[in-house]
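# Need a 3D model of the following:
(chains A and B, ligands or ions: 2)
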2 protein chains.
Amino acid sequence: MNWKPDKSSHDPIYLQIADHFEGKMRDGEYPSGSCLPSERKLAATLDVNRSTVVTAYDHLASLGLVARVKGFGTVATDRQTFDGTAKRIPNWEQYAKSGFLHRNDPITRHIHAILGSDQSNINFAIGELSPDLFPVALMQQAHSRIEMSQYLGYEHIQGNIGLRDSIAGHLRTHRGIASSASSILVTSGAQQAIQLIIQGLLKPGDGVAIEDPSYCFSMPIFHSAGLRTYRLSVEQDGVDPEQIVSLYKRHRIKMVFLNPIYHNPTGTTMSAERRKRLLDISTKFGIAIVEDDPYSLTGFGQAPEGTLKSMDRDGSVLYVSSLSKIVSSGLRIGWIAGPHSVIQRLTDAKQQLDFGHSNIPQWIAAQLLSSGELDNHLRKLRTGLQHKLEQTISSLRTEFGDRIKFRVPSGGIHLWCELDGEWDELQLFNQAIDLGVVITPGSTLGSHRNRIRLTYSRVDDREIAPGIRKLAEAYRYALGFDR
Amino acid sequence: MNWKPDKSSHDPIYLQIADHFEGKMRDGEYPSGSCLPSERKLAATLDVNRSTVVTAYDHLASLGLVARVKGFGTVATDRQTFDGTAKRIPNWEQYAKSGFLHRNDPITRHIHAILGSDQSNINFAIGELSPDLFPVALMQQAHSRIEMSQYLGYEHIQGNIGLRDSIAGHLRTHRGIASSASSILVTSGAQQAIQLIIQGLLKPGDGVAIEDPSYCFSMPIFHSAGLRTYRLSVEQDGVDPEQIVSLYKRHRIKMVFLNPIYHNPTGTTMSAERRKRLLDISTKFGIAIVEDDPYSLTGFGQAPEGTLKSMDRDGSVLYVSSLSKIVSSGLRIGWIAGPHSVIQRLTDAKQQLDFGHSNIPQWIAAQLLSSGELDNHLRKLRTGLQHKLEQTISSLRTEFGDRIKFRVPSGGIHLWCELDGEWDELQLFNQAIDLGVVITPGSTLGSHRNRIRLTYSRVDDREIAPGIRKLAEAYRYALGFDR
Ligand SMILES: Cc1ncc(COP(=O)(O)O)c(C=O)c1O
Ligand SMILES: Cc1ncc(COP(=O)(O)O)c(C=O)c1O
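Ligands and ions are numbered 1, 2, ... in the order given. Down below sits the predicted model:
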């Protein structure tokens, strides 16, 4: 090949290469099915980096002109339409494979797809409440008080001021946290809060620590943003703060994401001693802490567990929570409480993501949070959750005997189970679905094997026993007994 | 300096450098106020890239240990606390300066801050409706029909199925678009739709074309995602498709973002001829088109303008719209209609961003869109908008005479004005705010000078004349007449 890219040109080298090959294809030099030069060889011939050739070929693939065949090479397709009349429709599959945001893992996508389309499954997989646990009367009351004569334009992007006031009041009375409307940002659940923190406060290459197992574990949003993630193992009394010190020393992590109370999925709560030490470490090394706390009001004990943020004298904790696990996840009301500079920055980021939260759910949430009836509801909720947990455990004992191990949580909505023997996770998952039961395989939440998460808040009381029975059947199948 | 970073170590070089200097500071070698070596010098001494030194110093800055002083150098701060007892609280200002998402430009931030905190300003800046233009009775009716006995957990992430059906119906009857529930994704306004397309379908280095001027013009979300943006000038009959061809040939743009009908801010509509040619070009080169269409139902003429998507036989257009400019921007209901593969991909992305849209606004929107009363409202809306436009124009003629130029739009909510003479944009903007009037300076929307955007939909009829009078006063000030 005599042709070489022009390195002094304004056009990116990869585009010049792609164009060159597109021209050759047009001239018939690479008919459909023929191979383009290997990446390595072409890079050497053209005296460019191999990654430049990869980008050029990827670009041709995005145009549908070549296919990248794993372990084989780059092949001209029959999508080549150079007669001037034929059409080249945008290659949407290729666009869909592109994108800054990585995709969710296939199991998570599968769970959403199944539960989105078929309500008849027994759902032990999604962290939400069953219909009987919602405060329907309270919601109806709040709803009926809303007047559409209020201004219906864009709400304040930081959140409706009435709602932020109510959240500040709620944080004071229910979670021991002093804050004010100006230090609160309303988000679309804790999910968006975490996303905003990632996209608004961290940059590619930054190191963060997350719990293993955890809700965050396989969330692609950390890796989409180019963060390095390090794992903290979750023990009976939470993560070990010394692990954070050693991660900091080795990798200069900038932020730690924790769910210290009734942890998803293990149900554990970080001990007071470890929390104190954690805060000391945070202010010794200047490491930011994100406390993700959707569950602290779901405890079965007398008093609710005190939040980490309530112990935070120096302001090193960003506090994240939501109404999802105690009122309604469909409302999508969550929030971040933190330093003013952070809240302002994330408000600006939220403007770019969605231009602020929808108005009516904010007005409803404001009513709910300042209603005197909320405590009554929370009491009922806790009793209801505890009842479901007990039923689940009793069914598990009946169906699994001593082949299952778990710690009984004192709050939250998840039970983290270890199943005996040699079984394949995907097989159990799929077999359970065939029987009409959806669970969360452990690998989507952590690095340990042989685990499953059973979320007991979502199922109808009457479906718990049959659901667990079917799960046991799927388990026997995965063990190879029933085949 | 004898020390050198260990290039074979697992620790990033920049961290080794940062650690090294942190140690030196601890040892008292760099007392507070003293200068660290210049980046260039240190890079040479250590035999590393200058960018590695920059990252190391930035990291020290993020810990609050040094300050980066523009045009001067890197200075040790008095935040150094190495005695083991003193505290190093996370440096939130530094986190807030970090972040994958770039910040909005200062003027946009200023506009949001003013209008978020002080409702008494005369608002010609935000693209929303005035209280008298909302369909309050219709909204109240839809609202009162909502029952909280519906399931209150997470909605389908793609959007409530009833709403998606209503949107498909609405697209058919009102916008000439054939679609179905499975090819629609509900978003938090057109804003989030654009964001999802950027984060879900494009990758760093991809080239896209946007209009100049436009709503997108200075949106940081394109550059946050590492996209190359190229500009298409907006003419009386829209953008010139041949410009797209030449951008494609030179820069291989992958996507074009257009607002073809009652364009924000110019009010122009792309001619039928240019649309046809645009679609031909799209399928000739395989360029994806995003049609952002919040305004097509606001036209003052007889029939609504047909959408680009309605002419799209090959499926090369992603159609984006919302209820913001015709019903209520506070509801935050928007959507994308497009190929199934794209919709699925973006649904997965939306799960990561916010776990789906809030339920109640979706139920309300579903009612509204399938209500027979919507057309009635739209008629009233158009009359109301036209009335505001006429008043605005008449006030402008009175106050500005021939010092102002604009094209009278036949729909939409914005008037794009050119003001005569030598005046400073920021001075006009600030002086107007001092007088209680907020406008959008042209530079936030395009590359042309001497322009302002007046959004006439948001102001109360009675405030139009006084608002324009004050604006003229600010203009005279900016011209230097009144000083
Ligand atoms: C620990 C944790 N964080 C965040 C979330 C997200 O919840 P939401 O966005 O509904 O508040 C969940 C939901 O399962 C969770 O368990
Ligand atoms: C052209 C255009 N696109 C998108 C938007 C965003 O509107 P929303 O997110 O409220 O639908 C606007 C609002 O001004 C606009 O003018």
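# Going by C-alpha atoms from here, please, whenever you check contacts or count neighbours.
Will do.
# Which positions in the longest helix seen in chain A come out as buried?
Secondary structure assigned by DSSP state H gives helix A:374-400 as the longest helix of chain A. The neighbour-count criterion (16 or more other Cα atoms under 10 Å in any protein chain shown) identifies A:374, A:377-378, A:381-386, A:388-389, A:391-396, A:399-400 as the buried residues of helix A:374-400.
# so how far is stretch A:340-352 from its chain's centroid?
Centroid displacement of stretch A:340-352 relative to its chain, using Cα atoms, centre = their mean, to the nearest Å, is 20 Å.
# Next, see if it gets close to chain B.
Yes - on the criterion Cα under 8 Å from any Cα of the partner chain, stretch A:340-352 is in touch with chain B at A:341-342, A:345, A:348-349, A:352.
# any residues touching that stretch, and which ones?
Here stretch A:340-352 makes contact (Cα atoms under 8 Å, 6 or more residues apart in numbering or on different chains) with A:157-158, A:182-185, A:196-197, A:199-201, A:336-337, A:356, B:92-93, B:95-97, B:101-104, B:109, B:191-192, B:195, B:219-221.
# Now, those that are in helices?
Filtering the contacts of stretch A:340-352 for helices - DSSP H - leaves A:196-197, A:199-201, B:92-93, B:95-97, B:109, B:191-192, B:195, B:220-221.
# can you list the domains in chain A?
Listed domain ranges for chain A are A:13-96, A:106-132+A:376-479, A:136-372 (source: automatic domain parsing).
# deepest of those, which one?
Ranked by average neighbour count under the criterion mean count of other Cα atoms under 10 Å in any protein chain shown, those are headed by domain A:136-372 at a mean of 21.
# can you tell me the distance between the two ends of that one?
With Cα to Cα, to the nearest Å applied, domain A:136-372 spans 15 Å between its terminal residues.
# Around ligand 1, which positions in the stretch 101-250 of chain A sit nearby?
A:127, A:189-191, A:215 (Cα under 6 Å from any ligand atom).
# Report the lowest-confidence entry in the residues of stretch A:340-352 next to chain B.
Across these, the smallest pLDDT goes to A:Ser341, namely 92.
# Briefly note if the helix or strand harbouring that one comes near ligand 2.
Assigned by DSSP states H and E, A:Ser341 belongs to helix A:340-354. No - residues of helix A:340-354 contacting ligand 2 under Cα under 6 Å from any ligand atom: none, with a closest distance of 6.6 Å.
# Quick check on A:Leu454: phi, psi?
phi -110, psi 110 (degrees, to the nearest 10).
# quick one: contacts for it?
A:Leu454 touches A:124-125, A:414-417, A:439-440, counting by Cα under 8 Å, 6+ apart.
# can you check A:Gly301 too?
A:Gly301 neighbours (Cα under 8 Å, 6+ apart): A:410-411.
# That one should be in a helix, yeah?
No - counting by DSSP: H, G, I helix; E, B strand; the rest coil, A:Gly301 falls outside a helix, being coil.
# okay, and for the stretch 1-150 of chain A, where does confidence drop off?
A:1, A:79-86 (pLDDT under 70).
# helix, strand or coil for the closest residue to ligand 2 within it?
Relative to ligand 2, the nearest point of the stretch 1-150 of chain A is A:Gln150 (17.8 Å; Cα to the nearest ligand atom). Of the three states, A:Gln150 takes coil under three-state DSSP.
# The ones in helices among the contacts of stretch A:340-352 also near ligand 2: which ones?
Okay, of the ones in helices among the contacts of stretch A:340-352 touching ligand 2 (Cα under 6 Å from any ligand atom), that's B:Gln191.
# which among the ones in helices among the contacts of stretch A:340-352 gets closest to B:Leu471?
The nearest member of those to B:Leu471, counting by Cα to Cα, is B:Arg109 at 20.6 Å.
# Setting aside sequence neighbours, what's the nearest residue to the closest one?
Distances taken as Cα to Cα, 6 or more residues apart in numbering or on different chains put A:Asp348 closest to B:Arg109, at 7.3 Å, once the chain neighbours are dropped.
# in the stretch 351-483 of chain A, which spans are helices?
Taking DSSP state H, counting those that start in this stretch to define them, one finds helices in the stretch 351-483 of chain A at A:359-369, A:374-400, A:425-434, A:461-479.
# A:Ala178: which of those is closest?
Per Cα to Cα, nearest to A:Ala178 of the helices of the stretch 351-483 of chain A: helix A:359-369, 15.9 Å.
# Who are the packing partners of that closest one?
helix A:136-144, helix A:161-175, helix B:359-370 (3 or more Cα pairs under 8 Å, 6 or more residues apart in numbering or on different chains; DSSP states H and E).
# A:Gly238 is in contact with A:Met270, correct?
Yes - here A:Met270 reaches A:Gly238: they are 4.0 Å apart, a contact under Cα atoms under 8 Å.
# rewinding a little: of the residues of stretch A:340-352 next to chain B, closest to B:Arg469?
Closest to B:Arg469, out of all of the residues of stretch A:340-352 next to chain B and judged by Cα to Cα, is A:Asp348, at 31.7 Å.
# how far away is that closest one from A:Ile221?
Distance from A:Asp348 to A:Ile221, by Cα to Cα: 19 Å.
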